[in-house]
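Q: Have a look at this fold, sequence not included:
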């Protein structure tokens, strides 16, 4: 039997050069790709068939260098060194070739077959730079292919080159002094079976990477070699030399035509948004508000349409046909149908619309401008602007947002942002806020709940910033160009994010509705809800069955409202609760306890103790704030 | 001796300023980087912020972040980080 060897190809590149797009093209849309740096914080692998060959494609986090300074860099470097893939495809941003070559020079030192995929070459051409593939091969000893990561053009050809790629013989030469030191250190390396070439180890030792010092036979001799540099920062010297070489190579491998000075579209937009911070800030806030109203009205209209379809057509049509099944079965089936209706009517219009908007923000490049404009505001919470990226993602779903906090530099920043993210109203909570308070009471009440939550996030952030030990680090973030979002990518991303809801929440919701139907048929609901009465009934003045809805809400946040509708036996909540009760329920649901998935990820990203502490804090805050507001708002003439 | 005076003496250039003190649109050459956190300094250097490198101040928010153009790419950097980078203006 013929055994086919699986070829492993790693996608490497600087942040935001299109790695995830290439990954999606090769594997069939499995990763989320965006126009902001740091979208990929974990290794993603997928197998794909490529011209009768099975290949494994590995999407690695974007890095600027093969170093250990950030989590992303550690993950990528460790993978390349320990796993040694069969080939590397380095995705290159052709508009900044020299900067990308800086990483190429380090990848060459690993001696793994390498192919350069030249992305954004059309943009580079527009800016007057043309890259010469032949010259690249001549100078670097590796193949280069023009690709378009968005349309997929050239990716097949590039993969084919990667499969066939052989190890290159190119040696990167530093200055005489450094080269001599490298040679001398190589002689001191005694370990026979190294994962990487001796030369790479020697360079890393010179760069003060202490993890490689164990391979050295004599520490005294090594000290003597280092002392030759008379206190000079060798790491800095090597970095400067590499940048120099990258610039020279970039010049040799490209031709630059001096174009008459003209602003690009991206620069023209930035003239308004980033270069006039006040106007930019106001425009961004207006954009957010317009989206909020779009969610309220379009989401509301969709909700009405789905509800009408179920209540006026499907349920009256099905129920009389199943009367022969007996009362218990009929009640269960009715609840199953209400569960399906609640899932479709309350969650999908809001969640789907939100994800479409988030994808537009990400892909257009606006997200990074928001980070720049609101960096100072984030400082009040002990965070810098970059922490806004995971927090914005949190408006979609808290789970990827928590994972995205890995882009932050310190443990302290991660604790603060993880705590705040669990309070950010995700799309599921948005579905509750808009589906309950917005739909039954009016948009101003939904906006009020958002305002309360944002103020709460600000206060908790300020308190954490004051009392958590440690200092705030600075922010370094790349500003991507504005790009027209592609419909294909927006809908693909929305579907990827919605898939989780359809695959996990829907079965849970329908099964949960069936269980509630059974409990209702057996008259057991009251017994279960009794223990919640002192808090829910007396302090929050909610119907006690709301306790069951809130418990289901821990499984999936949107289920709190959907279960409440099931328990009420109708999606018309006003027939079941007072306006104040609807407001209180929406507020409590939006703040209390993160959902189960968020809680689990929180334990992974921080630890059990902190996850429990954060969850308890949110429950206490939700109960206290909602209870206090329901007593004070009527005094101000609101929701009397 | 304050670092700025030391740098002025060492380079003989009186126009050395912190990066945060330049205006939007200025093109400057980096002279010295004083960043305590070595990892952070390494990140800046990997991005191309190395001595002798020419960069452009694209935009700044008062006491807030600054966008600089380095090696043909715009990078947003915190005010606090740029306080430790010294440069001279290129006319």
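A: Perfect, I can see it now. A quick note: this is a predicted structure, and the numbers were derived from the prediction, not measured.
Q: Name the helix or strand of the chain that has the lowest mean pLDDT.
A: The chain I'm using is chain A. Least confident helix or strand of chain A, by mean pLDDT, DSSP states H and E, is helix A:265-272 with a mean of 73.
Q: buried ones in that helix?
A: Buried residues in helix A:265-272, defined by neighbour count with 16 or more other Cβ atoms under 10 Å in any protein chain shown: A:266, A:269, A:270. C-beta here means a position set from N, CA and C on the backbone, and glycine is covered the same way.
Q: Residue ranges in the stretch 301-450 of chain A under the pLDDT threshold?
A: Applying pLDDT under 70 to the stretch 301-450 of chain A flags residues A:346-347.
Q: right, I mislabeled it, should have said chain B
A: Low-confidence segments of chain B, defined by pLDDT under 70: B:1-2, B:4.
Q: Can you pull the residues of it lying near chain A?
A: Proximity of chain B to chain A, by Cβ under 8 Å from any Cβ of the partner chain, involves residues B:24, B:37, B:39-40, B:42-48, B:50-53, B:58-59, B:61, B:63-65, B:67, B:71-78, B:80-81.
Q: Mind checking which of those residues are in helices?
A: If you go by DSSP state H, those have B:39, B:40, B:42, B:43, B:44, B:45, B:46, B:80, B:81 in helices.
Q: The second one contacts residue A:474, correct?
A: Yes. Checked against Cβ atoms under 8 Å, the pair residue B:40 and residue A:474 is within contact range at 6.7 Å.
Q: Quick check: neighbours shared by the two?
A: The contact sets of residue B:40 and residue A:474 overlap at residue B:81 (Cβ atoms under 8 Å, 6 or more residues apart in numbering or on different chains).
Q: that older thread, contacts for the least confident helix or strand of chain A next, please.
A: Residues outside helix A:265-272 that contact it (Cβ under 8 Å, 6+ apart): A:263, A:279, A:280, A:283, A:365, A:369, A:481, A:482, A:483, B:59.
Q: how many neighbours does the nearest residue to the last one once chain neighbours are set aside have?
A: Right, residue B:59. Among residues not flanking residue B:59 along the chain, residue B:67 sits closest, at 4.4 Å (Cβ to Cβ, 6 or more residues apart in numbering or on different chains). Using other Cβ atoms under 10 Å in any protein chain shown, residue B:67 is surrounded by 23 other residues.
Q: Please report how far residue B:67 lies from residue B:75.
A: As judged by Cβ to Cβ, to the nearest Å, residue B:67 and residue B:75 stand 7 Å apart.
Q: likewise residue A:204?
A: In this view, residue A:204 and residue B:75 are 26 Å apart by Cβ to Cβ.
Q: Quick check: phi and psi on residue 90?
A: Since you didn't name a chain, this refers to chain A. phi -90, psi 120 (degrees, to the nearest 10).
Q: um, chain B though
A: Residue B:90 adopts backbone torsions of phi -100, psi 120, taken as degrees, to the nearest 10.
Q: Likewise for residue A:478?
A: Residue A:478 adopts backbone torsions of phi -80, psi 140, taken as degrees, to the nearest 10.
Q: Show the contacting residues for it.
A: Going by Cβ under 8 Å, 6+ apart, residue A:478 touches A:15, A:16, A:37, A:368, B:73, B:74, B:75, B:76.
Q: what do you get for residue B:34?
A: Contacts of residue B:34 by Cβ under 8 Å, 6+ apart are B:3, B:84, B:85, B:86.
Q: Check residue A:211 too.
A: Contact analysis of residue A:211 by Cβ under 8 Å, 6+ apart lists residue A:204.
Q: which bits of the stretch 1-150 of chain A sit near chain B?
A: So the stretch 1-150 of chain A meets chain B at A:64, A:65, A:67, A:68, A:69, A:70, A:93, A:95, A:96, A:98, A:99, A:102 (Cβ under 8 Å from any Cβ).
Q: for those residues, which one is nearest residue A:562?
A: For these, the minimum distance to residue A:562 (Cβ to Cβ) is 40.4 Å, reached by residue A:70.
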